[in-house]
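>>> sequence below, structure please.
(2 chains)
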Amino acid sequence: MNILMRELKAGLKPFLFWSLGLLFFIFMGMTKATGLSGGGGFSELAAAFPKIVTAMLLMSNADIDTFGGFYSVLAQYAALLSAVYAVWLGGGAVARESIDKTYEFLFTKPRSRSGILSLKLLAALIYLTAYAVLNGLLSAASAAALRLEGGAGVPFWAFSASAWLTGLAFFSLAAFFAAFRSSAERGLKLANAAVLVSYALGVLYDMLEKGGALRFFALFKYFLPTELLEGRLEPLFAALSLCVSAAALAGAFLSFERRDLKAAQ
Amino acid sequence: MLRGMPGLKGSIPTIGAVRGPPFILCGAIANAEEYSVKTVLETKKLTKFYGKSRGIIDVDMEIGEGEIFGFIGPNGAGKSTTIRTLLGLIRKTGGEARIFGLDCEKDKVRILAEVGYLPSEVFYYEGMRAIDLLRYSASFYRKDCSARIRELAGILELDLNKKIEDMSLGNKKKVGIIQGLLHSPRLIILDEPTSGLDPLMQRTFFELIGRENERGASVLFSSHILSEVQRICHRVAIIKDGRIISVQKMAELRQTSYKKVGFTARKPLERFELEGASDIKTDGPHVSFIYRGDINALIARLAGLSLENLDISEPELEEIFMSFYSGVEAAQ
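A predicted model of the protein is given here:
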């Protein structure tokens, strides 16, 4: 329990930093919606862009003349932010002691490696969950405060839950990469690359008329905005993201138990 | 049942009757004429490779209960690798390592409850005061360590309310010493412990370790400074290139302690010979060599010469190794 409390304390300042960023991003984004959702023909403008541009801006198939469509784009950006934070949390839980060179202090205490890692990951997961909850609450509160038309009908919880599930997958993958690679720093770079590759695969999926099986490899496309606006988390992909997370976490524990602990270069 | 380790079952193997020399502790003769014979730490052919790179090879070592065991070797010889393998920080490639009769990997948690460790460099969490760090460290042990923390801080003259990041290297080291000793461990593992400590504090530190030893704690003392090891240890293992090349009792080592000798004679010498002298270099009147033997024999030999200058100092460890190897080659 002492480890959990220390990890929560250590993670509080970064969490507040990330939360402030999220607050600023969502609130500022929502203020733009006051101008966009009045039927200004922004969808037509977006349609004039090359397909790759709309895909890269995560605006494919989004009716941004409506608040729901606009929010679905904003929520995808928030999910990207959440994924980056998740990588920082998951990879950091594994690698932080090596990077800060404090591993000789903690891992010579009478606790098992798995026990220590469990508590570190639990603390990180608490922050990831709090971030997802905050995402939903801030979105709903901003929509209410700005009295945005159609705001009441958007299932913010679904977007928030999808960001959490996607974040959890990246969180677990980052923990695995950091534990699996002999250099924790390289593991973290690999985890960040995974976010980038998933984003690129998502762009490719949006560009293709029929993405098909590509969706299984593009974590950001497990939960499509059109489905989320209907308040629906696709059960198959929800289960799949949980399976990816479970497998990656199991791999992280196994690798961490076997690895040599040393200071990051 | 092992003493001081509730819940541990099994017997401690013994290493036979070991009679240790009295050890010199800051000029005083400590009461350690005979230390216990139970084996606290034992390695058999302990080997560690980092990929293809050598860490340690076939390290055999035994430390008796109540013994202060020196572990000396140049940088990169394998001292820290051995210690980190014993502590379960890195995984052995082969061989066996046991502490209190328990396997260092399988029974790591039970072993670490009774081990105190001071690494060569100490790194702690940002924003923590010394007292916060020490309380956190104490929370891992099933005993109240607060009185002990205050006692040790008093001995080492450490301000516990200061933030660690604002401390000097020496004070950070003191925090490390306290966190390694606060739970009164049965085995203390010290990896280059005196770096960063001023001479006065080194003296206090050695006294502290002496007291811990009198209490019954065994000590594995790793260093690359021979005089430190000579000052406190009962026995010493010399490691080079990952292998233990010699294990000696300090009494034997002290009897045959190495000296680096250099002198300038009034007249050039054609050759200089002395039993126990190795690596002899003669350049006209200037002569230098490493001497291992009775110091009186050296003085007697030099008294027969007319000298302009004489310098007798402690050799670098590398020079001792050179001398050691040349001795081995000469014997062959």
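
>>> and stretch A:214-228, which residues are buried?
Residues of stretch A:214-228 classed as buried: A:215, A:218-225, A:228 (neighbour count, 16 or more other C-beta atoms under 10 Å in any protein chain shown). (Glycine included, C-beta is placed from N, CA and C.)

>>> identify the residues contacting that stretch?
A:61-62, A:69, A:72-73, A:75-76, A:79-80, A:83, A:155, A:158-159, A:162, A:165-166, A:169-170, A:198-199, A:201-202, A:204-206, A:208, A:211, A:233-234, A:237-238, A:240-241, A:244 (C-beta atoms under 8 Å, 6 or more residues apart in numbering or on different chains).

>>> next one: stretch A:56-68
Here stretch A:56-68 has contacts from A:33, A:36-37, A:39-43, A:46, A:49, A:51, A:54, A:69-70, A:72-73, A:76-77, A:80, A:143, A:148-151, A:153-154, A:202-203, A:206-207, A:225-226, A:229, using C-beta under 8 Å, 6+ apart.

>>> the nearest residue to B:Lys259 once chain neighbours are set aside: what's it in contact with?
Distance criterion C-beta to C-beta, 6 or more residues apart in numbering or on different chains; nearest residue to B:Lys259, sequence neighbours excluded, is B:Tyr291 at 4.6 Å. Residues in contact with B:Tyr291, defined by C-beta under 8 Å, 6+ apart, are B:258-261, B:274, B:276-278, B:298.

>>> tell me which of the residues you listed fall in helices.
Among the contacts of B:Tyr291, the members falling in helices (DSSP state H) are B:Leu298.

>>> what's the closest of the buried residues of stretch A:214-228 to chain B?
Within the buried residues of stretch A:214-228, the smallest distance to chain B is 32.6 Å, found for A:Leu219 (C-beta to the nearest C-beta).

>>> next one, pLDDT for that closest one please.
A:Leu219 carries a pLDDT value of 91.

>>> cool, B:Ser36 as well?
So B:Ser36 comes in at 45 (pLDDT).

>>> cool, and B:Leu25?
Per the predicted model, pLDDT is 38 at B:Leu25.

>>> name the residues that touch stretch A:244-262?
Contacts of stretch A:244-262 (C-beta under 8 Å, 6+ apart): A:94, A:97-98, A:103, A:107, A:113-114, A:117, A:121, A:168-169, A:171-173, A:175-176, A:178-180, A:182, A:219, B:50, B:89-91.

>>> need the strands for the stretch 201-332 of chain B, in chain order.
In the stretch 201-332 of chain B, the strands defined using DSSP state E, counting those that start in this stretch lie at B:218-223, B:235-240, B:243-249, B:258-265, B:277-283, B:286-292, B:307-313.

>>> among the contacts of stretch A:214-228, name the ones in helices.
A:69, A:72-73, A:75-76, A:79-80, A:83, A:158-159, A:162, A:165-166, A:169-170, A:198-199, A:201-202, A:204-206, A:237-238, A:240-241, A:244.

>>> ok, B:Ile295 to B:His234 distance?
22 Å (C-beta to C-beta, to the nearest Å).

>>> helix or strand for A:Ile126, which one?
helix A:113-145 (DSSP states H and E).

>>> buried sites along that helix?
A:113, A:116-121, A:123-128, A:131-132, A:134-136, A:138-140, A:142-143.

>>> mind giving me the packing neighbours of it?
helix A:2-36, helix A:67-99, helix A:156-180, helix A:235-258 (3 or more C-beta pairs under 8 Å, 6 or more residues apart in numbering or on different chains; DSSP states H and E).

>>> mind putting the ones you listed in a markdown table, distance to B:Ile239, mean pLDDT and mean neighbour count included?
Shown next, in a markdown table, are the helices and strands packed on helix A:113-145 (distance: least, C-beta to C-beta, whole Å; pLDDT from 0 to 100; neighbours: other C-beta atoms under 10 Å in any protein chain shown):
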| stretch | distance to B:Ile239 | mean pLDDT | mean neighbour count |
| --- | --- | --- | --- |
| helix A:2-36 | 34 | 90 | 16 |
| helix A:67-99 | 26 | 93 | 24 |
| helix A:156-180 | 31 | 96 | 26 |
| helix A:235-258 | 26 | 96 | 17 |
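
>>> okay if I get those as CSV plus distance to B:Asp241?
Below are the helices and strands packed on helix A:113-145 laid out as CSV (distance: least, C-beta to C-beta, whole Å):
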stretch, distance to B:Asp241
helix A:2-36, 39
helix A:67-99, 27
helix A:156-180, 31
helix A:235-258, 27
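
>>> is it true that B:Ser288 touches B:Gly262?
Yes. Counting by C-beta atoms under 8 Å, B:Gly262 is a contact partner of B:Ser288 at 4.1 Å.

>>> higher neighbour count, those two?
Between B:Ser288 and B:Gly262, counted using other C-beta atoms under 10 Å in any protein chain shown, the more crowded position is B:Ser288 (17 against 14).

>>> who are the neighbours in contact with that one?
So B:Ser288 contacts B:260-263, B:280-281 (C-beta under 8 Å, 6+ apart).

>>> swap in B:Gly242?
Counting by C-beta under 8 Å, 6+ apart, B:Gly242 has contacts B:54-57, B:59, B:77-78, B:81.

>>> out of those, which one has the lowest pLDDT?
Lowest confidence among the contacts of B:Gly242: B:Ala77, with 90.

>>> domain ranges for chain B?
Chain B breaks down by automatic domain parsing into domains covering B:24-114+B:185-254, B:256-331.

>>> for B:Tyr124, give its distance to A:Glu104.
10 Å.

>>> contact distance from chain A - what residues of the stretch 151-300 of chain B qualify?
Residues of the stretch 151-300 of chain B lying close to chain A by C-beta under 8 Å from any C-beta of the partner chain are B:Gln179.
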